[in-house]
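J.: Just a sequence and a predicted model for now, questions to come.
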Amino acid sequence: MATTTTELTGSGAAPDAATPASAKRRGGGGGLGSYLLIRFLLIFPTVFILVTTVFVLMRSTGDPITAALGGRLTGEQLAERVHAAGYDRPILVQYWEYLTALLHGDFGTTISDNRPVTEVLTTFGAATLELAFYALLVAFVVGIPLGRLAAYWRDKWPDAALRVFAILCYATPVFFFGLLLKLVFSVQLGWLPVAGRASTGAEIQLQTLNGSTGIYLIDAIRLGDGAVISDVLQHAILPAVALGLLTAGVFLRLVRTNVIGTLGMGYVEAARSRGVPERRLLRKHAYRPALIPIVTVIGRQIALLLGGAVLTETTFEWKGLGFQLTQYLQARDFVAVQGIVVLLAVIVAVTNFIVDVIAALIDPRVRY
């Protein structure tokens, strides 16, 4: 047995020399601090590449003023506006000035309505984050329990039905699913509002509330009016379900796969041989370890939710960044589009870092 251990370790070291703790003491493999530092530093090149890509793509169509206002202004007026904005200068000069402005928190000024882009981001960003939170909540509530159920009934008809359901959730275009929900629950049954974040009366109360956060549910709770809270939640149900089921399908399949894998582990087989019921094995031994991979993919799902929010907000007229992005695209206001896309990229990068931190704290194996 000693000979076998030596051969496996590749040296005469004791078996525990290959453990992560021993590697950390020797200076190899790193630890939590170095892992988090590396992940944090990776945010900057990621954001830099995305900012550069967006800048190049936006400028490939020409200067933003001509793209947005061409045909509505005379040649002289266009030339004057382009010169005043500095779009007639060399592209590298424009790029450097744009990066410098971003470092100072200046995303520019919209062309179509002459508003600071930062104002647009703060005004409509809260609505998008609120919708993403609702959708993620739906994904957890639907995807995780159904994934556990599919694992329990693995290779039987409930498992097959749930796997088909997961594929449909992921494959169905979110705007198409949103239109179906509106047709059934708003038009035919009349149970839920067809569009918007709140009814007109409730929206006026929420927008005039002192210290409004822009997140209607929080503002409605602060207002203390049960009717307004109910109105806000009713408006949120359909867009949250339409967007949340997109991610619920991913969670369902992931939980199912990992629960089934955990049920085949040695310690679970040992418990099963002692006569532990299958339901108890699933609840006590297989379910919690299967949730760890969920944490590691949340960052990618946030990016999916933000991408899907563009179509969902447009379908339900949910006035967030996605809805506003489509309006600026139609107006060919590339300054505003550029600012919104950059902000979404930063949110995704920071969210991925936070998820990496949580995953490293939950599962030490992630650090090595």
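T.: Everything's here; your move. Numbers count the residues shown, from 1 in each chain.

J.: now stretch 50-67: mean pLDDT?
T.: For stretch 50-67, the mean per-residue pLDDT is 77.

J.: and for that stretch, what are the contacting residues?
T.: Contact with stretch 50-67 is made by 78, 81-82, 85, 87-88, 91, 94-95, 98-99, 102, 111, 332-335, 337-338, 341-342, 345, 349, as judged by CB atoms under 8 Å, 6 or more residues apart in numbering. Quick note: C-beta positions are derived from backbone N, CA and C, even for glycine.

J.: ok, His235 - contacts?
T.: His235 makes contact with Leu192, Pro193, Gly196, Arg197, Ala198, Ser199, according to CB under 8 Å, 6+ apart.

J.: change it to 7 Å
T.: Listed by CB atoms under 7 Å, 6 or more residues apart in numbering, the contact partners of His235 are Pro193, Gly196, Arg197, Ala198.

J.: Most widely separated two among these?
T.: Using CB to CB, the pair of these lying farthest apart is Pro193 and Arg197, separated by 9.4 Å.

J.: Name the residue in these two with the higher neighbour count.
T.: Neighbours were tallied for Pro193 and for Arg197 using other CB atoms under 10 Å; the higher tally belongs to Arg197 (24 against 19).

J.: And what about that one, helix, strand or coil?
T.: coil (DSSP: H, G, I helix; E, B strand; the rest coil).

J.: how many other residues sit next to Leu92?
T.: Leu92 has 8 neighbours, counted by other CB under 10 Å.

J.: Okay, it and Thr52: tell me how far apart.
T.: 12 Å (CB to CB, to the nearest Å).

J.: sorry, back to before: ChimeraX command for the buried members of the contacts of stretch 50-67?
T.: The buried residues among the contacts of stretch 50-67 can be selected in ChimeraX (16 or more other CB atoms under 10 Å) with this line:
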select :78,81,82,85,87,94,98,102,111,332,333,334,335,337,338,341,342,345,349
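
J.: For Thr312, which residues are in contact?
T.: Contacts of Thr312 (CB under 7 Å, 6+ apart): Leu131, Val174, Gly178, Pro239, Ala242, Leu243, Trp318, Gly322.

J.: give the contact list for the last one.
T.: To tie it back to what came earlier, the one meant is Gly322. With contact set as CB under 7 Å, 6+ apart, Gly322 has these partners: Thr128, Ala309, Val310, Thr312, Glu313, Thr314.

J.: For the host helix or strand of it, list the C-alpha coordinates in CSV.
T.: Following DSSP states H and E, one finds Gly322 within helix 321-330. Output in CSV follows, covering the C-alpha atoms of helix 321-330 (Å, rounded to 0.1, in the frame of the first residue of the first chain):
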residue,chain,number,x,y,z
LEU,A,321,-33.1,50.3,-19.7
GLY,A,322,-34.1,47.6,-22.2
PHE,A,323,-37.2,49.5,-23.2
GLN,A,324,-35.2,52.8,-23.4
LEU,A,325,-32.5,51.1,-25.4
THR,A,326,-35.0,50.1,-28.1
GLN,A,327,-36.2,53.7,-28.2
TYR,A,328,-32.7,55.1,-28.7
LEU,A,329,-31.9,52.5,-31.3
GLN,A,330,-35.0,53.6,-33.3
